[in-house]
Every structure is written in C-alpha cells, then in structure tokens.
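K.L.:
predicted structure and sequence below. I'll ask about it afterward.
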Amino acid sequence: MKDIIALQERLTLMEQEIKTLTDKITKLERGLKEVEDLKSEIKGLKVFIGRVHPDFKSQFPDILKKV
C-alpha cells in the first residue's frame with residue numbers, strides 16, 4: 001500500500017513538472033515569435049534606409065562595429 005501511495009506522489013510531481021515545462025516552452029515560443037517579427041522589421045528598415053540614403057549601405061558595417 002505504501003508503494004502505491006509513493007508512486008502516486010511521484011506521478012503527481014512528474015505531472016506538475018511537465019505542466020511547468022509546458023508553460024515555460026509556451027512563453028519561450030511567444031518570445032521567439034516576437035524576435036522573428038523584430039528581425040523582419042529591421043530587415044525592412046534596412047532596405048528602406050538603403051533606398052533613401054544610398055551611402056547607408058557602406059556606412060552600416062561601421063555603425064554595427066561601434067554598437
């Protein structure tokens with residue numbers, strides 16, 4: 001009987017751990033989605049600025065080095 005109770009407790013703990021991990025993965029997925037969105041927005045800005053200011057393309061690597 002004690003073995004069954006111990007197994008049930010371990011099972012309950014494992015279920016809680018799985019739930020915690022699932023929640024953390026969900027949060028990480030949301031964060032990753034936001035980063036991907038920002039990445040595409042930055043690419044768009046680079047293209048736009050490169051068209052408006054042609055010298056930007058040559059200055060951009062130097063700007064990144066300073067940052």
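P.N.:
That came in fine, so what should we check first? All values reported here derive from a predicted model rather than from experimental measurement.
K.L.:
can you read off the pLDDT for the residue nearest the centre of the chain?
P.N.:
Note on the chain: the residue nearest the mean C-alpha position is Leu32, at 2.5 Å, using CA atoms, centre = their mean. Per-residue confidence for Leu32 comes out at a pLDDT of 97.
K.L.:
do the one 5 residues further on as well
P.N.:
Model confidence at Asp37, given as pLDDT, is 97.
K.L.:
next, it: secondary structure please.
P.N.:
Here Asp37 is helix, with the state taken from DSSP: H, G, I helix; E, B strand; the rest coil.
K.L.:
contacts only, for the residue sitting furthest away from the middle of the chain.
P.N.:
Residue farthest from the centre of the chain, counting by CA atoms, centre = their mean, is Met1 at 45.8 Å. Contact analysis of Met1 by CB atoms under 8 Å, 6 or more residues apart in numbering lists nothing. C-betas here are computed from N, CA, C, even on glycine.
K.L.:
one step back: check the gap between the residue nearest to the centre of the chain and Ser40 for me.
P.N.:
13 Å (CB to CB, to the nearest Å).
K.L.:
how many neighbours does Lys46 have?
P.N.:
Neighbour count for Lys46, taken as other CB atoms under 10 Å: 13.
K.L.:
return the helix or strand in the chain with minimum mean pLDDT.
P.N.:
Ranking every helix and strand in the chain by mean pLDDT, DSSP states H and E puts helix 56-66 at the bottom, with a mean of 88.
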